[in-house]
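S.K.: My questions are about this predicted structure, shown below with the sequence.
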2 protein chains.
Amino acid sequence: MTRLTLAIDAMGGDFGPCVTVPAAMQALASDSHLHLLLVGDPDKITSLLATADSALRARLQIIPAESVIASDAKPSQAIRASRGSSMRIALEQVKAGRADACISAGNTGVLMGLAKILLQPLEGIKRPALMTVLPNQLKGKTVVLDLGANVESDSAMLVQFAIMGAVMAEEILEIANPRVALLNIGQEETKGLTAIREAAAALRDSAEVNYIGYLEGDDLLTGKTDVLVCDGFIGNVTLKTMEGVVRMFLSLLKSQGEGKKKAWWLRLLGRWIQKRLAKNFGHLNPDQYNGACLLGLCGTVIKSHGAANQRAFTVAIKQAEQAVRRQVPERIAARLQAVLPKSD
Amino acid sequence: MTRLTLAIDAMGGDFGPCVTVPAAMQALASDSHLHLLLVGDPDKITSLLATADSALRARLQIIPAESVIASDAKPSQAIRASRGSSMRIALEQVKAGRADACISAGNTGVLMGLAKILLQPLEGIKRPALMTVLPNQLKGKTVVLDLGANVESDSAMLVQFAIMGAVMAEEILEIANPRVALLNIGQEETKGLTAIREAAAALRDSAEVNYIGYLEGDDLLTGKTDVLVCDGFIGNVTLKTMEGVVRMFLSLLKSQGEGKKKAWWLRLLGRWIQKRLAKNFGHLNPDQYNGACLLGLCGTVIKSHGAANQRAFTVAIKQAEQAVRRQVPERIAARLQAVLPKSD
């Protein structure tokens, strides 16, 4: 493997450097070819590196940034005032070729807007989309997009999302001729919103996409499709609903019988059961697949959950490594050249 | 309690009379004031009643219907050709005053359309909405609407849904001054679709609704609000996503360790664990709250899941009983009179 450099917006997310710095050290420890640029307040970052292993520390560089973009900032205003912010400087590292990819847990709208301005969309792409790979019930994986990069999507955007999703499934998950479905409120052709029905008509005629029809919300994890396409609003609500339910279940499992006075053997038994359940359900834990990839850009940008903990942010860094090593933007660009009209 | 008569579309849903007839008998057994009109193919219904208790049978009347509306039928066409169908005849029983409410597991779009035509919307209501009551993590309940009666909703419709939902929470769940939230993709005011932002502005100014702001998909079950309002497309996708994840968890729990050869005491232990888990998670099983209420009509109509089993369909019948006994349409009408402009 060759050397790989990633730029991290160390200040983004609900916890800033408290999460990003330890996650960075963990990522460095697990990959000796990895180099990281931590962008943010040098004092805050340095204080968290006091006890860091010096060998790892040698592969880490701090890049100062004066400001942080607030997670509740309005994108248009925040983008105008973004100069000097940790998010923008991290993206600029990619633009200047000093980093291969950027990771941020900051404001989604601002990250999307700045990435579009600094890194440019691929030729023929109207709007980039946020994509994630979810585990499914059949022990396989499902590519889901858009997860909220765009609030509204017309049929042309949905078709582009379908193509980008199919490339991801084929090139990254190594699924031959991946199945592509549109998320809708019924399986019949007549159901749903106009943009979805128009996209379905275009995809049915497409030789490039193995379109299998509509799926509903309860098929998100069933593995009936390899790629599930929806607009950003629906994608965001669906993913968050799923995460909410999964987290509730995991916390209910964890709290089974807590607070009751029990015999020692029941307590031991309880712990054993929890361990087994954690083993069998752990792959569904949202922390395990944190990091949505902003597809359709001339560069790799990974958006982490704002509320990510250290483990989850480390997963987002790994996603960036993988996307760079698998040359995601290059592969999507090559495929798009063959499929899409040259101009918008 | 007084006598109550409900009309059941016995042919609707994926399983038709095989589910609706045994569910009807179960409902009759649990409420001695209940009378049922089973609308459908008399032969099919009668053959399923061969072993029925005669005392229960005395409170059940079969009303013949020649046809069934297909679950994949296009609403506009199916409504035109609906005369003589089990769904239409069941609704006509309510219109004619022979039944207090109607329950169907058939085609949602057709049920919505026919109910609007036959029973009429309440004065001032643009479009009825499908509503359900979900259990939440705080052992409370959350009213959620619209779940798919309307594919698209403007801000005026969302405001009406909010009012109807608040009446439901106050009058039926007995929650004083219920909190009302809009489902969105972020909590900041600037987030989301135009219709949602406009509805938020109207609700903030409303003296009638205790509006608390936006919530996201992962708050569906957290109990942070008493009423969650969204358009029908989003509501349908969210509810189905939630149900899909819950069913997956319940089936994973059930299959824990299956197929492995185990010592007798491990098998016994496994069964004991399953029982405990079933007890602790059972209230989240979608079967337990089957039956969405079509709010905003001059009459009570309950839509059951098409895939409902006997237990779930019995729950839908219970929902109808409760809605009639609590006088849901009358209470909503009274509240709307005070709040809404008199004409559309």
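M.R.: Cool, got the structure. Residues are numbered from 1 along each chain as shown, chains lettered A, B, ... in the order given.
S.K.: tell me the mean pLDDT for the host helix or strand of A:Gly165?
M.R.: Applying DSSP states H and E as the criterion places A:Gly165 in helix A:155-167. The predicted model gives helix A:155-167 an average pLDDT of 93.
S.K.: Shouldn't A:Ala7 be within a strand?
M.R.: Yes: assessed by DSSP: H, G, I helix; E, B strand; the rest coil, A:Ala7 belongs to a strand.
S.K.: pretty sure it is in contact with A:Val94, am I right?
M.R.: Yes: with contacts counted by Cβ atoms under 8 Å, A:Ala7 reaches A:Val94, the gap being 6.2 Å. In short, each C-beta sits where N, CA and C put it, glycine included.
S.K.: got the phi/psi numbers for the residue positioned nearest the centre of chain A?
M.R.: Centroid check for chain A by Cα atoms, centre = their mean gives A:Ala292 as the closest residue, at 0.8 Å. Reported as degrees, to the nearest 10, the phi and psi values for A:Ala292 are phi -100, psi 140.
S.K.: circling back to that earlier point, neighbour count winner among A:Ala7 and A:Val94?
M.R.: Taking neighbours as other Cβ atoms under 10 Å in any protein chain shown, A:Ala7 and A:Val94 compare with A:Ala7 leading, 29 against 24.
S.K.: show me what contacts the more buried one?
M.R.: Shown in contact with A:Ala7 (Cβ atoms under 8 Å, 6 or more residues apart in numbering or on different chains): A:36-37, A:39, A:63, A:89-91, A:93-94, A:98-99, A:101-103.
S.K.: from those residues, which ones fall inside helices?
M.R.: Those of the contacts of A:Ala7 mapping onto helices are A:89-91, A:93-94, per DSSP state H.
S.K.: Hmm, A:Asp146 and the residue nearest to the centre of chain A touching each other?
M.R.: No: look at A:Ala292 against A:Asp146 with Cβ under 8 Å: they stay out of range, at 9.4 Å.
S.K.: what touches both of those two?
M.R.: Joint contacts of A:Ala292 and A:Asp146 (Cβ under 8 Å, 6+ apart) are A:130-131.
S.K.: which residue ranges form the helices in chain A?
M.R.: Using DSSP H, helices in chain A cover A:17-30, A:42-47, A:54-57, A:75-80, A:86-95, A:108-119, A:155-167, A:194-204, A:232-255, A:264-281, A:310-325, A:328-339.
S.K.: quick one: A:Ser54 from A:Asp287, how far?
M.R.: Separation of A:Ser54 from A:Asp287 (Cβ to Cβ, to the nearest Å) stands at 29 Å.
S.K.: out of these two, which sits in the busier spot?
M.R.: A:Asp287 (19 against 7).
S.K.: show me the contacts for the more buried one.
M.R.: So A:Asp287 contacts A:308-309, A:311-312, A:315 (Cβ under 8 Å, 6+ apart).
S.K.: mind redoing it with 6 Å?
M.R.: Each residue near A:Asp287 by Cβ atoms under 6 Å, 6 or more residues apart in numbering or on different chains is listed here: A:311-312.
S.K.: Right, I'll call it a day here.
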